[in-house]
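[1] quick check, what structure comes out for this input:
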Amino acid sequence: KGIQDIDPRNALNIVLESFEDDGVSVTGTMKKSTGSLDFTDSNVRDSNGQISFSKDGIQTQFELRDSETYDVVLLPGEYHIGANYWMYDAVTDSSQNFYFEQYDVMISSDQVIDVIFPITTITGKVTDASGNNLENIRIDFNSNAEENQLRSGASSNVLTNSQGTFSIESTMPPESWIYD
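    Residues are numbered from 1 along each chain as shown. Predicted coordinates:
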């Protein structure tokens with residue numbers, strides 16, 4: 001077995017045979033720490049999720065469209081896991097993106113790995129200097145957290161409502177962070 005005498009100027013199409021007999025099943029759910037994600041699509045709303053497992057330069061990727069669950073077969077080993085969720089709502093002209101990464105995850109037998117985005121809600125109100133509510137002001141918010149080979153982040157944008165208020169979901173900082 002092996003590949004020899006490859007001309008890098010030519011496209012190479014490699015087809016891998018099934019390794020189900022040697023592989024392990026990894027299943028799980030993608031959700032927020034505050035509850036489930038909405039994978040509903042319509043003519044005014046689009047959302048999707050993705051989880052990937054990388055090992056030795058090879059990536060296995062699973063798309064989540066109608067469900068928050070996934071099931072993949074992988075060879076045992078140490079993996080880098082990456083996941084993200086994206087949503088756009090044309091009615092409210094708002095979007096959300098959550099991402100998650102974890103390094104050095106050992107996969108050696110059938111197992112469940114749930115991806116849970118650590119999320120908290122931030123609310124606020126926008127007014128002018130006279131205290132009048134400001135409607136349709138775009139709020140863009142980005143947050144990131146990293147601790148012990150675990151990285152997560154969120155980016156959101158929304159418009160304030162007629163009362164000038166907004167609500168955005170953001171990455172929750174790790175409990176070990178100290179604020180002054």
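
[2] so Val105 makes contact with Gly82?
    No - counting by Cβ atoms under 8 Å, Gly82 is not a contact partner of Val105; they are 10.7 Å apart. Using the backbone N, CA and C atoms, a C-beta is placed for each residue, glycine as well.

[3] mind listing the strands for the protein?
    Here the chain has its strands, by DSSP state E, at 24-32, 35-36, 45-55, 58-64, 69-74, 77-89, 94-107, 111-112, 115-117, 119-125, 138-147, 150-159, 165-171.

[4] ok, the longest one: who's next to it in the sheet?
    Spelled out, it's strand 94-107. strand 77-89 (antiparallel), strand 150-159 (antiparallel) (DSSP bridges).

[5] any idea how far Tyr88 is from Gln102?
    Distance, Tyr88 to Gln102, by Cβ to Cβ, to the nearest Å: 26 Å.

[6] looking at the strands paired with strand 94-107, which one has the lowest mean pLDDT?
    Ranked by mean pLDDT, the strands paired with strand 94-107 end with strand 150-159 at the bottom, a mean of 88.

[7] take it, keep the C-alpha atoms, and write them as CSV.
    Output of strand 150-159 as CSV, limited to C-alpha atoms (Å, rounded to 0.1, in the frame of the first residue of the first chain):
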residue,chain,number,x,y,z
LEU,A,150,-10.6,25.0,25.2
ARG,A,151,-11.5,28.0,23.1
SER,A,152,-14.9,29.5,22.4
GLY,A,153,-16.4,32.7,21.0
ALA,A,154,-19.4,34.4,19.7
SER,A,155,-20.3,37.2,17.4
SER,A,156,-23.7,38.8,17.1
ASN,A,157,-25.3,41.8,15.6
VAL,A,158,-28.8,43.1,16.2
LEU,A,159,-30.8,46.3,15.9
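
[8] so that strand versus strand 165-171, what angle?
    Here strand 150-159 points in a direction 160 degrees away from that of strand 165-171 (axes from the mean of the first three to the mean of the last three Cα atoms, to 10 degrees).
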